[in-house]
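J.: return atomic coordinates for the entry below.
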Amino acid sequence: MTTTERLLGEARTADEQAIEVAIRRVPQFDGGEIRYRMLVGGINNRNWLISVSGHQRRYFVKVPGPGTEKFIDRAVAHQAAVNAHAMGLAPEVIHFDPSDGLEVHEFLEGYQACTNADFENPVIQEAVIDCYRRLNAGPKLDLTKTIFEMIEEHWRDAEQLGALLPHDYRWLMKQYRKAKEAFMASGLDLVPCFNDPMPGNFLVSPGKPMKIVDYEFASNNERAYELGVLLGEMFFTEQRSLELIEAYYGEIRQDIVARVWIGRALADIKWAGWAIQNRMLTDWDFDYQKYGDWKWARARSVILDPRWEWWLRSI
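T.: Prediction:
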């Protein structure tokens with residue numbers, strides 16, 4: 001789904017003025033007639049489809065949103081995207097400006113973004129597991145930022161910004177600290193992680209390999225968290241989750257299952273913090289508070305499971 005196409009020089013809105021400024025900064029776009037249109041779906045950023053006369057391919061341009069520099073390392077996101085492209089998992093990076101994180105990628109013609117409904121398809125599920133296995137085996141990134149650092153960063157900022165916290169915030173943070181202590185005692189399995197399995201970040205096309213886009217949250221992180229946040233985000237049943245854990249690890253063990261299941265709760269705590277922090281940073285038309293409250297509810301559903309203490313001991 002796209003919005004109105006414009007010719008460079010026809011900007012009518014602030015967003016269109018911003019993309020025209022960005023376009024003029026990209027040396028690969030010099031010399032041709034340029035048309036652009038906004039792509040619907042970005043939350044943190046504004047995304048655009050660019051056509052340049054004389055070029056055989058079109059381009060995807062990301063203009064970073066205000067305030068995102070507080071929790072996104074653009075240089076590492078660029079590094080992760082370049083690494084993923086080298087492994088055949090992501091589109092080619094055409095241009096990157098480290099001064100503000102402006103990104104230009106090849107536009108993947110014929111591909112479409114997945115939806116939650118697509119993830120009911122076992123073929124899609126298994127393709128993601130294969131992509132993750134390859135991505136997590138890739139070269140380490142320059143940034144190690146674990147789920148624990150992410151959570152503490154978001155919630156520190158949320159508190160400082162005066163965000164609306166849940167009534168049981170102290171209890172939830174107590175459970176979080178217990179999970180952190182269990183992981184630290186057992187040791188972290190650090191690998192390069194994607195960390196952001198929103199369905200729309202997985203692109204598919206008939207007869208072509210799946211691609212993963214948007215590496216803004218990439219870092220070296222706990223392997224089990226990478227899988228846990230995926231299983232939670234896609235609403236997989238417990239039985240299907242166990243099958244996919246086995247497909248990824250090659251086996252099912254009590255400690256592995258415990259790590260992944262606690263990772264699901266950590267994921268929801270993290271994204272709840274991201275949401276209510278963002279509510280204080282932007283006036284974009286997205287109900288961050290509602291999203292955060294929903295994530296809290298999902299975290300509680302795992303923490304209140306009778307097996308929670310057993311999972312903590314099993315790590």
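J.: which residues does residue 22 contact?
T.: By C-beta atoms under 8 Å, 6 or more residues apart in numbering, the contact set of residue 22 is 61, 63, 102. Using the backbone N, CA and C atoms, a C-beta is placed for each residue, glycine as well.
J.: the last one and residue 24 touch, don't they?
T.: No - applying C-beta atoms under 8 Å as the test, residue 102 and residue 24 come out as separate, 11.2 Å apart.
J.: neighbour count winner among these two?
T.: Neighbours were counted for residue 102 and for residue 24 using other C-beta atoms under 10 Å; residue 102 has more, 19 against 12.
J.: distance check, residue 246 against residue 265.
T.: Distance of residue 246 to residue 265, computed by C-beta to C-beta, to the nearest Å: 21 Å.
J.: the two: which is more packed in?
T.: In terms of neighbours (other C-beta under 10 Å), residue 265 is the more surrounded of residue 246 and residue 265; the figures are 25 against 15.
J.: which residues touch that one?
T.: 175, 179, 299, 302, 303.
J.: ok, now residue 23?
T.: 8, 29, 34, 36, 50, 61 are the contacts of residue 23 under C-beta under 8 Å, 6+ apart.
J.: please identify which helix or strand holds it.
T.: Assessed by DSSP states H and E, residue 23 sits inside helix 14-24.
J.: so where is the chain shaky, pLDDT-wise?
T.: Residue ranges of the chain with pLDDT under 70: 1-2, 41-44, 66-71, 277-285.
J.: what residues go with each domain of it?
T.: The chain breaks down by automatic domain parsing into domains covering 6-106, 116-195+219-314.
J.: what residue is smack in the middle of this protein?
T.: Central residue of the chain (C-alpha atoms, centre = their mean): residue 196, 2.2 Å from the mean position.
J.: shouldn't that residue be within a strand?
T.: No - counting by DSSP: H, G, I helix; E, B strand; the rest coil, residue 196 falls outside a strand, being coil.
J.: okay, it and residue 274: tell me how far apart.
T.: Per C-beta to C-beta, residue 196 is found 10 Å from residue 274.
J.: longest helix in the protein, please.
T.: Ranked by residue count under DSSP state H, the longest helix found in the chain is helix 254-281.
J.: can you pull out the strands in the protein?
T.: Using DSSP state E, the strands of the chain run over 6-7, 34-39, 46-52, 59-63, 93-97, 102-106, 112-113, 190-193, 202-205, 208-212, 219-222.
J.: make CSV out of the ones you listed and add distance to residue 14.
T.: Formatted as CSV, the strands of the chain follow (distance: least, C-beta to C-beta, whole Å):
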stretch, distance to residue 14
strand 6-7, 13
strand 34-39, 12
strand 46-52, 10
strand 59-63, 11
strand 93-97, 20
strand 102-106, 17
strand 112-113, 26
strand 190-193, 35
strand 202-205, 29
strand 208-212, 31
strand 219-222, 32
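J.: from these, which stretch is densest packed?
T.: Mean neighbours per residue, mean count of other C-beta atoms under 10 Å, is largest over these for strand 219-222, with a mean of 24.
J.: how far away from the center of its chain is that strand?
T.: 13 Å (C-alpha atoms, centre = their mean, to the nearest Å).
J.: now do it: everything it contacts.
T.: By C-beta under 8 Å, 6+ apart, strand 219-222 touches 73, 76, 140-141, 143-147, 183, 188-193, 195, 259, 263.
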